[in-house]
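Q: Kindly generate the corresponding structure for this input.
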Amino acid sequence: QVQLVESGGGLVQAGGSLRLSCAGSAHTFSMYAIAWFRQAPGKEREFVAAISWGGARTLYRDSVKGRFTISRDDAKRTVYLQMNSLKPEDTAVYYCGRDPRAQTMGPLSTNGYDYWGQGTQVTVSS
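A: Numbers count the residues shown, from 1 in each chain. As a prediction, this is how the structure comes out:
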């Protein structure tokens, strides 16, 4: 059974920082790309960032480039999202999801991810 558990969310003022963690349970964690998504009230879930198996490749949505950094520590089976210079528009529930294609990273719709965590709330006050 694959489980992903997010943590690290909270309330922060604009300009502040948070680091989210996505901890995985499977011993095969390192073989899969992991992505972060977010969903604000009344909006669809949107892609934020992704990291390939091995960590060599990363992708970001334009609005977070230069502010967010995704990384992974496979020894700890954890993917991180370091979020700096936070803005009120970053407010959302943040989820991590697993790309079901082992040792592959490429375009994938939101519905294509096979496992999701429960989400962690990030609130940025102005």
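
Q: Residue 99 is in contact with residue 108, correct?
A: Yes - in this structure residue 108 lies within contact range of residue 99 using C-beta atoms under 8 Å: 5.8 Å. In short, each C-beta sits where N, CA and C put it, glycine included.

Q: give me every residue that touches residue 19.
A: 8, 80, 81, 82, 83 (C-beta atoms under 8 Å, 6 or more residues apart in numbering).

Q: returning to that earlier point: the more surrounded of residue 108 and residue 99?
A: residue 99 (22 against 17; other C-beta atoms under 10 Å).

Q: Return every residue with contacts to both of residue 108 and residue 99.
A: With C-beta under 8 Å, 6+ apart as the test, residue 108 and residue 99 both reach residue 35.

Q: Now the residue nearest the centre of the chain: which helix or strand?
A: The chain has residue 36 as the residue nearest its centroid, 2.2 Å off, counting by C-alpha atoms, centre = their mean. If you go by DSSP states H and E, residue 36 is part of strand 34-39.

Q: same for the helix or strand following that strand, what does it pack against?
A: Per DSSP H and E, strand 34-39 leads on to strand 46-51 as the next helix or strand towards the C-terminus. For strand 46-51, the elements it packs on are strand 34-39, strand 58-60, strand 68-73, strand 78-83, judged by 3 or more C-beta pairs under 8 Å, 6 or more residues apart in numbering; DSSP states H and E.

Q: Can you give the contact residues for strand 46-51?
A: 33-39, 57-61, 64, 68, 70-72, 79, 81, 94, 99, 105, 110.
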